[in-house]
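In: A predicted structure for the sequence below; I have some questions about it.
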Amino acid sequence: MHKGCLLWGDRVIIPAPLRNRVLETLHMGHPGMVRVKSLARCYVWWPGMDQNIEQWVRTCKACQEVRPEVARAPVHWWEQSRSPWSRLHLDFAGPFQGKVFLVIVDAYSKWLEVAMVPSMASAAVIKVLRQLFATHGLPETIVSDNGAAFVSQEFRAFLADNFIRGVTSAPFHPSSNGQAECMVRTAKESIVRLMEGNWSARTARMLFLQHATPCTATGKSPAELLLGRRLVTVLDYVHPYKMPNRNSRATPQAETDTTRYLAPEDLVWVRNYSRDSRWVAGVVTQTSGPVSYYVTLENGQVWKRHIDQLRRRALSREESDNSSLANDAELQDQSENGPEVQSPGASANEPGSTSPQDDEVQVGDPEMSGTPSVPDETPIAAPLPQVTPNPEPATPVVRRSSRSCRTPQYLRDYVCCAH
């Protein structure tokens, strides 16, 4: 007791009627709960002072309105999707360099789809989803945020018509749709890195790599989980077994195969689709596929035609005559060259040599003349040259296939004769 005041050490004990006034003075600058307690412990005391200070600060409206956010709760993980394309997560990315993208990710396979949309309207979202549903089918659930495009009556009616359950995350809490948010960040970073080409090419290249790259969570690529197979990339052709055989040509199949085959240098009639003749003459130059060929025409043009647009052609009379003349000229050139030249070291009188008289042919006939033949008086023909056989085979003459001709049924009542 000091001068009529009850003290507790150096601190004044405040009676109950005055405690609210003291609390109001301590909390005049709206400090925090800890600072009010520190200040009070320097001057006053009463039983249950700390509890009264806590209650006073908690009920202060000004303090609660500007109080910082509470600690974040642990992330709630979505349950594992049961099958591919059963739960989709949707979100918008952008505007990014003046472009808006719709990001769709499959929760099971992590298959990513990024589509450029003209606006964040429900009609644009529905148009993209219809294209995806035509390829992969309808999902069971679609998860999105509370954007205007996802909560509109048009979008809800679209989900109801397709028996799709729509789930929206908590407003202003992006982590509730974390799958889509993560893919939005991944897609945005990938598009920024791919600076070559237009937006369509950059987006397609990014999606191709994402679909073919194994995911760290599953150990498989999104294509394997969603499509059941790996996508073929350029890296697959590094392996020698994957290299295509460009020199391979189609060979005739089994004997029961009725497909016609042609070979180079075959004479054919080529279907002409211009206003001139319906069929023009040509020669097969080379094959371009199992049933397609390159054909050279008489005017030098090269056409590519299917086997159904070609039919075999026989040599015409003019071509046969020209071929015969060419063969005769070749034989005449060979005859003018003469027999093989004898080596200079060989002598005409040597035992191993053959004289020209030995190769001469007698043309006189003793029975026709009635006198004995005298070798010295018999006229001697010029020595026949030795014709070297041409190693190149002659051009085979193509003949028409034999057909059985029958009288048509509509002429069975008439007597027909050939002219």
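Out: In hand now; what should we look at? What you are looking at is a predicted structure, and each value in this text was computed from that prediction instead of being measured.
In: give me phi/psi at Lys127?
Out: When read as degrees, to the nearest 10, the backbone of Lys127 gives phi -60, psi -40.
In: can you count the residues close to it?
Out: Lys127: 14 surrounding residues under other C-beta atoms under 10 Å. C-betas here are computed from N, CA, C, even on glycine.
In: tell me the spacing between it and Pro31.
Out: Distance of Lys127 to Pro31, computed by C-beta to C-beta, to the nearest Å: 57 Å.
In: contacts only, for Arg412.
Out: Contacts for Arg412 were tallied using C-beta atoms under 8 Å, 6 or more residues apart in numbering; there are none.
In: list phi and psi for it.
Out: Geometry field for Arg412 lists phi and psi as phi -70, psi -20, criterion degrees, to the nearest 10.
In: which parts of this structure are strands?
Out: 7-8, 11-13, 44-45, 87-96, 99-106, 112-117, 141-144, 165-168, 267-271, 279-287, 292-297, 302-306, 310-312 (DSSP state E).
In: would TSV of those strands with mean neighbour count, mean pLDDT and distance to Tyr237 be doable?
Out: Putting those into TSV (neighbours: other C-beta atoms under 10 Å; pLDDT from 0 to 100; distance: least, C-beta to C-beta, whole Å) gives the following:
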stretch	mean neighbour count	mean pLDDT	distance to Tyr237
strand 7-8	11	82	89
strand 11-13	15	85	87
strand 44-45	18	88	85
strand 87-96	20	86	33
strand 99-106	21	90	28
strand 112-117	20	93	25
strand 141-144	20	92	38
strand 165-168	14	91	43
strand 267-271	19	92	36
strand 279-287	17	93	24
strand 292-297	18	94	25
strand 302-306	14	93	27
strand 310-312	17	92	34
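In: any low-confidence regions in this protein?
Out: Counting by pLDDT under 70, the chain has low-confidence residues at 68-78, 170-180, 191-192, 194-197, 242-257, 316-403, 417-419.
In: all helices for it, in order.
Out: Remark: helices assigned in the chain by DSSP state H are 19-26, 33-40, 49-58, 61-65, 122-136, 148-151, 153-161, 178-193, 199-212, 222-227, 317-336, 366-369.
In: quick revisit: looking at the strands of the chain, which is closest to Leu207?
Out: strand 112-117 (6.2 Å; C-beta to C-beta).
In: what is that closest one packed up against?
Out: Judged by 3 or more C-beta pairs under 8 Å, 6 or more residues apart in numbering; DSSP states H and E, strand 112-117 is in contact with strand 99-106, helix 122-136, helix 178-193, helix 199-212.
In: who's in contact with that strand?
Out: Applying C-beta under 8 Å, 6+ apart, the set of residues contacting strand 112-117 from outside is 93, 99-105, 124-125, 128, 132, 183, 186-187, 191, 199-200, 203, 206-207, 210-211, 222.
In: residues contacting Val167?
Out: The neighbours of Val167, taking C-beta under 8 Å, 6+ apart as the test, are Thr141, Ile142, Val143, Ser144.
In: understood, closing this out.
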